[in-house]
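In: Just a sequence and a predicted model for now, questions to come.
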Amino acid sequence: MANLAIRGNDIREPKSNGNGFNYPDRYIELLWDNKDMKVSNFEAVNQFIKLNTLKDAI
């Protein structure tokens with residue numbers, strides 16, 4: 001979970017005026033969904049999850 005928080009902190013989106021970037025994950029508490037094995041409130045960080053690795057570890 002800490003790795004997802006760190007990697008999500010670096011996700012950036014261009015500002016609508018074209019000057020600079022917004023970092024939407026900063027100051028957000030990530031919520032983990034155990035059943036679906038993904039973050040439920042910030043979809044962009046789910047790209048860093050490798051489900052095969054998680055299922056093998058259980």
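Out: Thanks, I have the structure now.

In: And the pLDDT at residue 36?
Out: pLDDT for residue 36: 89.

In: Can you report how many residues lie near it?
Out: 10 (other CB atoms under 10 Å). Backbone N, C-alpha and C define where each C-beta goes, glycine included.

In: Now it, what are its backbone angles?
Out: phi -90, psi -10 (degrees, to the nearest 10).

In: Over to residue 32?
Out: Backbone torsions of residue 32, given as degrees, to the nearest 10, read phi -90, psi 130.

In: Tell me the pLDDT of it.
Out: 93.

In: how close does it get to residue 7?
Out: 14 Å (CB to CB, to the nearest Å).

In: where's the residue lying farthest from the centre of the chain, which helix or strand?
Out: The centre of the chain is farthest from one residue, residue 17, which by CA atoms, centre = their mean lies 24.5 Å away. Per DSSP states H and E: residue 17 is located in neither a helix nor a strand.

In: where's it relative to residue 47, distance?
Out: Distance, residue 17 to residue 47, using CB to CB: 26 Å.

In: all helices of this protein, in order?
Out: 2-9, 51-57 (DSSP state H).

In: Worst mean pLDDT among these?
Out: Among those, helix 51-57 scores lowest, at a mean of 64.

In: May I have the residues that are in contact with the residue nearest to the spatial centre of the chain?
Out: Residue closest to the mean C-alpha point of the chain, counted by CA atoms, centre = their mean, is residue 45 at 2.0 Å. Going by CB atoms under 8 Å, 6 or more residues apart in numbering, residue 45 touches 4, 5, 7, 8, 11, 25, 30, 39.
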